[in-house]
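Asker: pasting the sequence and the predicted model now:
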Amino acid sequence: MDGASTAWLAGAAMVLQPGALAYIAAGTVLGLLFGVIPGLTAVLCMVLLLPITYGLSSAAGFGLLMGAYVGGITGGLVSAIMLGIPGTPASIVTTLDGHPMAKRGESGRALGLATAASFYGTLLSWIALVFLAPVLAGFALKIGPFEYAAIILFGFTVITGLSSEKFGKSMLMVAIGLTIPAIGLDPLHGVQRMTFGTSALESGFGLVPLLSGIYVVSRALEEAETIKQRYIAVPGQVSKVVQQVWKVLRYWKTLIWSSVIGIVVGIMPGIGASVAPFISYDAAKRRSKHPESFGHGEPEGVVASESCNNATIGGALIPGLVLGIPGDVPVVILLSGLMLHGFQPGPLFFSQNESVVYSTYISFFVANIFMLLFMLFIGIRVFTRTMSIPKVFLIPVIFVAGLLGAYNISYSITDVWVSLIAGFGAYFAIKADYPLTPLVIAIILGPMLEYNLRVAMNVSEGSFAPFVTQPIAAVFVALTVVSVFLMVRAGRRKSKQKANL
Amino acid sequence: MQETGRSLLFSALFGVLGLALLSQALQVRPVVAEPMGPEAYPLVVSVLMIGAAFYNVVVDLISLRRQRASGDRSQAVAAPRERSDGSSWKTPLVVAALGVSYVLGLTFVGFFVSTFCFTLLTMVFLHHFERRAGLTRMALAVYLPLSVGIVAVLYVGIRALRIYIPTQAWLW
């Protein structure tokens, strides 16, 4: 039996246990619930579950997070269709055609199509993950510190260049994200840095308290702003749901194209499930014989959006698991879960922990099956009623759960304070229209960037020449330069357009 | 204009923080001779923070000046969340203040008492902001047992996970 077969069996043995399966199921249901309720997101659910995974086995812990990821991305379709309000940013585009379908009495068909499209999109991205990740891992083993540093720098230019209008703001958030992990002890020699002489800062900031504050505390404060908001679902019976599982295959071309777009966009750091559906929707509209029907209840629009946003999951996992570079914010949480269990994501992760890698694949596959079954047979009817949970109850529960999660890692009240202050800072950033994604990705990638740069400089004795003489590093440095040039040009064009107006 | 003002304040604050961090980074001394020591990265990122903050401050000042010069009222129309509404900023402020009190309570009082008080007070205040009405007996009849219930669920959950969480005297 070859190595891969053995690894599959080892992974299956870890996941296909009643306990691990129960955690995957629980994660999927919680993820769906969080996705359904507007204002709650997959990231929020995963951050709240992250401290719980600390005491679980790796299969159960990753299964819980993976279930929350799949469920959270999918759940947003319910409120997108029934309320016309996306439950998560990933479902914004689904509202364009899903809600009109519900208003004309086809809510069951819309919900069924969207769920089935989500299932097939996730399945296709799972196939891509299983086949592409080992290939990339083999390539990644040839990557040294120069290449790694160049890839991370390129990743930052992609993240900051996503919106040329917010380039300056993204840059500041990247700078803050790079600085935060540098406070405390130096990773190579344990030198104290930027602690202001305070013992509280000597050990730096924990990742879980930071994430808890940035995503949970700030979200509670944001929800408090719109305390009077009420959600009213489209009335009517939800029927003809299950049969959409095979009826959606009528749109097989859209399913495949949208999934491919989702996988490709998912691989690129910082873009992910909130942006990809716009691209696939536009592509589906252009390919359609009746583009004028898009935006007025066209089922193909729903299929394009939902298959794409779920396909980003597998795409984002590819660079995350192989290189340790997250393709999307939920993958940041997953990687945090890996690190909590003592694993270091990166090229060696694949070769040294094959059983864990394959158990992650299997958890992902099982979570997708659970998602489909829950949504079709229970979820759609149950979740349509949970959309209207009053915020009066939600906000204190979210706040407490977030701070408790921050405490749970090191049993330190300092972490709770860190979480609270990070939450206030993130809320202030949101009100000032600063994006949080570059901040969080920089917090994760900053230590890797510093470590690789310093090792690279030690190897080359201070010379930067290998950044241009080593082929892979040179390619990514060139891509970085091109990316910066394109950003500056796009920024100048926008300035000229504004001046002309 | 309000959003630009907040952005300006945010950038300025982090510009000042960047200067403070830079002063700290300048005090880091390497322990071994190496091309890129422990002082290099903090220096670079703090300078990057200052530079990005300065850039944003300049952009925001220019934007504010243009808005004032043109008497731009479209900001108020384009940003409905900035309409004057007593609940839009008071509610998160109250929740934030309760949050600080909660963490102070966790530090000095105890987990279950603090959590019970926090959940009850937050629900009461949010009820007031949501309905613009006083607290009725009916509402209190819901919020009190609900707060007890939340704490009870947490207690059961923490006890159930006890094998993973060491006992803390004040936690119980």
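Answerer: Good, I have the coordinates. Numbering: from 1, shown residues only, chains lettered A, B, ... in the order given.
Asker: neighbours of the closest residue to chain B within the stretch 1-150 of chain A, just the number please.
Answerer: In the stretch 1-150 of chain A, the residue found nearest to chain B is A:G55; the distance is 2.6 Å by Cβ to the nearest Cβ. Every residue, glycine included, has its C-beta placed from N, CA and C. A:G55 is flanked by 15 other residues according to other Cβ atoms under 10 Å in any protein chain shown.
Asker: poorly predicted segments of the stretch 51-200 of chain A, please.
Answerer: Scanning the stretch 51-200 of chain A for pLDDT under 70 picks out the ranges A:161-165.
Asker: show me the shaky parts of the chain.
Answerer: Just so you know, I chose chain A. In chain A, residues with pLDDT under 70: A:1-3, A:161-165, A:229-239, A:270-271, A:386-388, A:491, A:494-501.
Asker: oops, I was thinking of chain B
Answerer: Within chain B, the segments meeting pLDDT under 70 span B:72-88, B:130-136, B:138, B:158-172.
Asker: okay, now the domains of it?
Answerer: Using automatic domain parsing, the domain parsing of chain B gives B:2-82, B:86-171.
Asker: do you know which of these lies nearest A:I362?
Answerer: Proximity to A:I362 (Cβ to Cβ) singles out domain B:86-171 among the domains of chain B, at 23.8 Å.
Asker: skipping adjacent residues, who's closest to A:F399 in space?
Answerer: With Cβ to Cβ, 6 or more residues apart in numbering or on different chains as the criterion, A:F399 has its nearest non-adjacent residue at 4.5 Å, and that residue is A:A220.
Asker: tell me who's in contact with the one you found.
Answerer: A:I395, A:I398, A:F399, A:G402, A:G423, B:V95 (Cβ atoms under 8 Å, 6 or more residues apart in numbering or on different chains).
Asker: give me that answer again for 10 Å
Answerer: Counting by Cβ atoms under 10 Å, 6 or more residues apart in numbering or on different chains, A:A220 makes contact with A:39, A:44, A:391, A:394-403, A:423, A:427, B:92, B:95-96, B:99, B:122.
Asker: can you pull the phi/psi pair for the closest residue to B:T122 other than its chain neighbours?
Answerer: If the residues on either side of it in the chain are set aside, B:T122 comes closest to A:P396, at 4.1 Å by Cβ to Cβ, 6+ apart. In terms of degrees, to the nearest 10, the main-chain angles of A:P396 are phi -60, psi -30.
Asker: could you check how far the residue nearest to A:F399 is from A:F350?
Answerer: The gap separating A:A220 from A:F350 is 38 Å, by Cβ to Cβ, to the nearest Å.
Asker: send me stretch A:53-68 as CSV with only the CA atoms.
Answerer: Output of stretch A:53-68 as CSV, limited to C-alpha atoms (Å, rounded to 0.1, in the frame of the first residue of the first chain):
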residue,chain,number,x,y,z
THR,A,53,-10.8,23.2,20.0
TYR,A,54,-7.8,23.6,22.3
GLY,A,55,-8.8,20.7,24.5
LEU,A,56,-10.0,18.5,21.7
SER,A,57,-8.2,16.0,19.6
SER,A,58,-6.9,17.4,16.3
ALA,A,59,-9.5,15.6,14.2
ALA,A,60,-12.4,16.8,16.5
GLY,A,61,-11.1,20.3,16.7
PHE,A,62,-10.4,20.8,13.0
GLY,A,63,-13.7,19.0,12.2
LEU,A,64,-15.6,21.5,14.4
LEU,A,65,-13.9,24.5,12.7
MET,A,66,-14.3,23.0,9.2
GLY,A,67,-18.0,22.4,9.8
ALA,A,68,-18.4,25.9,11.1
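Asker: return the set of buried residues in it.
Answerer: Residues of stretch A:53-68 classed as buried by neighbour count (16 or more other Cβ atoms under 10 Å in any protein chain shown): A:53-54, A:56-68.
Asker: hey, where'd the strands end up in chain B?
Answerer: In chain B, no segments count as strands under DSSP state E.
Asker: centroid residue for it?
Answerer: The residue lying closest to the centre of chain B (Cα atoms, centre = their mean) is B:A96, at 7.0 Å.
Asker: contacts only, for that residue.
Answerer: Contacts of B:A96 by Cβ under 10 Å, 6+ apart are A:V217, A:A220, A:L221, A:A224, A:F399, A:L420, A:G423, A:F424, A:Y427.
Asker: and the residues you listed, which of them are in helices?
Answerer: A:A220, A:L221, A:A224, A:F399, A:L420, A:G423, A:F424, A:Y427 (DSSP state H).
Asker: going by distance to A:G112, which of these wins?
Answerer: Taking the ones in helices among the contacts of B:A96 together and measuring to A:G112 by Cβ to Cβ, the closest member is A:A220, at 33.3 Å.
Asker: right, and A:F467 touches A:E147 too?
Answerer: Yes. Here A:F467 reaches A:E147: they are 9.2 Å apart, a contact under Cβ atoms under 10 Å.
Asker: any idea how many residues pack against A:Q192?
Answerer: A:Q192: 17 neighbours (other Cβ under 10 Å).
Asker: so what's it bridging to?
Answerer: Judged by DSSP bridges, the bridge partners of A:Q192 are A:L185.
Asker: state the phi and psi torsions of the residue lying farthest from the centre of chain B.
Answerer: The centre of chain B is farthest from one residue, B:A33, which by Cα atoms, centre = their mean lies 41.0 Å away. When read as degrees, to the nearest 10, the backbone of B:A33 gives phi -80, psi 120.
Asker: ok, which pair from the contacts of B:A96 is furthest apart?
Answerer: Among these, the pair separated by the greatest distance (Cβ to Cβ) is A:A224 and A:L420, at 14.6 Å.
Asker: who's more crowded, those two?
Answerer: Each of A:A224 and A:L420 has its neighbours counted (other Cβ under 10 Å); A:A224 has more, 30 against 23.
Asker: that one reaches B:T122, doesn't it?
Answerer: Yes. When contacts are counted by Cβ under 10 Å, A:A224 is listed as touching B:T122 (8.8 Å).
Asker: any common contacting residues for the two?
Answerer: Joint contacts of A:A224 and B:T122 (Cβ under 10 Å, 6+ apart) are A:V392, A:I395, A:F399, B:V94, B:V95, B:L98.
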